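Enquirer: Predicted coordinates and the sequence they were generated for:
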Amino acid sequence: MRVKKTFNESEEIVVSKKEIRSFILNCMEKIGCDESHAQQLADILITSDYRGHYSHGIQRLHIYVQDVASGACDKNGTPKILKQKGSTAWVDGANLLGPVVGNFCIKLAVEKAREFGIGWVVANNSNHFGIAGWYAMHAMNQGMVGMAFTNTSPCVFPTRSAQKSLGSNPICMAAPATKGDNFFLDMASTTVAYGKIEVAEKRGATHIPNGWGADQNGVETNDPQVVLGGGGLQPLGGQEATGGYKGTGLCMMVEIMCGIMAGSAFGKSIRQWQTTDQTADLGQCFVAIDPECFAPGFAERLQSFLDETRNLEPLNEEQPVLVAGDPERGHMAMCDELDGIVYKKSQVLHLLKLADNLDVAMFKAKRLNDILACEGNESD
Ligand SMILES: NC(=O)c1ccc[n+]([C@@H]2O[C@H](COP(=O)([O-])OP(=O)(O)OC[C@H]3O[C@@H](n4cnc5c(N)ncnc54)[C@H](O)[C@@H]3O)[C@@H](O)[C@H]2O)c1
């Protein structure tokens, strides 16, 4: 992979995963968080950035810190199974960090899938769990098809509504093919995740595409600051004329599997984003399916399907057809080559304030120049 053209050394830095992990653990330790909980948070934030989903990586650390430090999210304890029947379970997330609840639930779903062919677990009383893909990936790594969903704070204007009542409720399915290849769909049910607009704004963008956001009255806007300053998101598809009602339907479908099924907060009753005066009480849903319960040869057939799709004649020779998970694979390969994660400086500046407030040393960045020099002339 050629890196020089992709990165701008005056604006970008590379940070090793080890440095990021220490920073997260040090911050969480300062606020008294259980170490294993902090480790689970670090795993998912690092994976998120490594996969290129900066919207849900370390840029969100201050929010988890704020939740735990304020007492809105509990810093130690264990989720509890409230009810189970065969392949299903209902879990009390005990108001712990979302990754702690999510890891507990997806492990339980995989155990059930091993026994019954499918495991379907829903949790209430949970918190923000980061990228849905992390949990689906756990099931996939055990040879299962994994799915994960969560509700989130209301930030979406349903089609025709001048009020926000839905979250950007993510949908994820990860399915194993052969030789480590897979289908990995992990997406907000809005045109973009809210965090993508935060990232765009931190990176200095003043214009976002149609279909992403709306002002405080639900009217489409291209200004990221208007979206972040009290506006909201449009459902996947954008306006009604471009199929936004299907995104509204998907947001609601996820809410039914999460908040409605789990008996947690749902829709407008979920607390506002970044507030800590009440618990989040999110609802989440985790599914594992053993493909061996169905026609033999799932992985091989999926591989042919992925290959067939990737090999379609592209519209533009320079842009091959991709399948879900390919953009993230490209990003991870780039990070591996640089032996760290690439950040825009502007994207991590706010963490200096966090480091200062908690009296924790800021992580150290490697300079891209040094890396390129070590790699010889890989860089044209
Ligand atoms: N916890 C929460 O509250 C919450 C809420 C919303 C989103 N999220 C997370 O945010 C992350 C980002 O979501 P997003 O919707 O912005 O992601 P995205 O739009 O970047 O990607 C969505 C999916 O599309 C695939 N994709 C992208 N380009 C493609 C192409 N050209 N061809 C084929 N497939 C392609 C990706 O591999 C990915 O699976 C996800 O990990 C999601 O779980 C979390």
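Expert: Looks like it arrived, so ask away. Numbering: from 1, shown residues only.
Enquirer: Can you name the secondary structure element that comes next after the helix or strand where Cys335 lies?
Expert: Element membership for Cys335, per DSSP states H and E: helix 326-338. Using DSSP H and E, the helix or strand that follows helix 326-338 in sequence is strand 341-344.
Enquirer: Pull up the pairing partners for that next one, direction included.
Expert: Each strand that pairs with strand 341-344, with its direction, by DSSP bridges: strand 12-15 (antiparallel).
Enquirer: quick one: buried residues of the strand it pairs with?
Expert: Neighbour-count burial for strand 12-15, counted by 16 or more other Cβ atoms under 10 Å, picks out Glu12, Ile13, Val14, Val15. (Glycine included, C-beta is placed from N, CA and C.)
Enquirer: Can you name the next helix or strand after the helix or strand harbouring Phe183?
Expert: With the criterion set as DSSP H and E, the secondary-structure element containing Phe183 is strand 182-187. Elements were assigned by DSSP H and E; along the chain past strand 182-187, the next helix or strand is helix 194-202.
Enquirer: Please enumerate residues in contact with that next one?
Expert: Taking contacts as Cβ atoms under 8 Å, 6 or more residues apart in numbering, the residues outside helix 194-202 that touch it are 54-56, 59-60, 155, 168, 188, 208, 212-213, 224-225, 227-228, 233, 273, 344, 346-347, 349-350.
Enquirer: In strands, which of the residues you listed fall?
Expert: Using DSSP state E, the members of the contacts of helix 194-202 that fall within strands are Gly213, Leu233, Lys344.
Enquirer: okay, these in a markdown table with pLDDT and distance to the ligand next?
Expert: Written out in a markdown table, the entries for the ones in strands among the contacts of helix 194-202 read as follows (pLDDT from 0 to 100; distance: Cβ to the nearest ligand atom, whole Å):
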| residue | pLDDT | distance to the ligand |
| --- | --- | --- |
| Gly213 | 96 | 13 |
| Leu233 | 97 | 9 |
| Lys344 | 85 | 16 |
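Enquirer: which among the residues you listed gets closest to Ile106?
Expert: In terms of Cβ to Cβ, no member of the ones in strands among the contacts of helix 194-202 lies closer to Ile106 than Leu233, at 26.2 Å.
Enquirer: how about the nearest residue to that closest one, chain neighbours excluded?
Expert: If the residues on either side of it in the chain are set aside, Leu233 comes closest to Thr190, at 4.2 Å by Cβ to Cβ, 6 or more residues apart in numbering.
Enquirer: Can you tell me who the one you found pairs with across the strands?
Expert: Beta bridges link Thr190 to Pro235, judged by DSSP bridges.
Enquirer: Number of residues surrounding it?
Expert: Look at Thr190: counted by other Cβ atoms under 10 Å, it has 33 neighbours.
Enquirer: Also Val199?
Expert: 22.
Enquirer: Tell me the spacing between it and Ala205.
Expert: If you measure Val199 against Ala205 using Cβ to Cβ, to the nearest Å, the figure is 9 Å.
Enquirer: Next: Phe116.
Expert: Separation of Phe116 from Ala205 (Cβ to Cβ) stands at 47 Å.
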